[in-house]
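*Asks:* missing the sequence, but the structure's below:
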């Protein structure tokens, strides 16, 4: 499913950037190879599911926050 693949890719981006992933629609849509409008829908779905949250202009994940802090 596209949403699951997108979640995994976004998590990979979060980890690879040490938790510093700007909420940049074009950048993330490019990584996912989808239109920005598609990413906006996926992003909202992942936020609604509690998989991601946005804080201070960054896309975050609670588990990744803890892992990055520990590292």
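*Replies:* Right, received. Where do you want to start? Remember, it's a predicted structure, so these values are computed and weren't measured experimentally.
*Asks:* got the residue ranges for the strands in the chain?
*Replies:* 21-22, 53-55, 58-60 (DSSP state E).
*Asks:* Tabulate those strands (TSV), appending mean neighbour count, mean pLDDT and distance to residue 41.
*Replies:* For glycine as for every other residue, the C-beta is placed from the backbone atoms N, C-alpha and C. Shown next, in TSV, are the strands of the chain (neighbours: other CB atoms under 10 Å; pLDDT from 0 to 100; distance: least, CB to CB, whole Å):
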stretch	mean neighbour count	mean pLDDT	distance to residue 41
strand 21-22	18	98	18
strand 53-55	11	97	15
strand 58-60	19	97	15
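*Asks:* Identify the residues contacting the longest helix that the chain contains?
*Replies:* When the chain is parsed with DSSP state H, its longest helix is helix 2-16. The contact list for helix 2-16 (CB atoms under 8 Å, 6 or more residues apart in numbering) reads 21, 28, 31-32, 34, 38-39, 42, 45-46, 51-52, 59-61, 64, 67-68.
*Asks:* Residue 63: how many residues sit nearby?
*Replies:* By other CB atoms under 10 Å, the residues close to residue 63 number 10.
*Asks:* So for stretch 11-23, what gets flagged as buried?
*Replies:* Buried residues in stretch 11-23, defined by neighbour count with 16 or more other CB atoms under 10 Å: 11, 13-14, 19, 21.
*Asks:* tell me the average confidence for stretch 24-44?
*Replies:* Averaged over stretch 24-44, pLDDT sits at 97.
*Asks:* Give me the distance between that stretch and the centre of its chain.
*Replies:* Average the C-alpha atoms of stretch 24-44, do the same for its chain, and the two points are 10 Å apart (CA atoms, centre = their mean, to the nearest Å).
*Asks:* residues making contact with it?
*Replies:* With contacts defined as CB under 8 Å, 6+ apart, stretch 24-44 is touched by 2-3, 5-6, 9-10, 13, 21, 52, 59.
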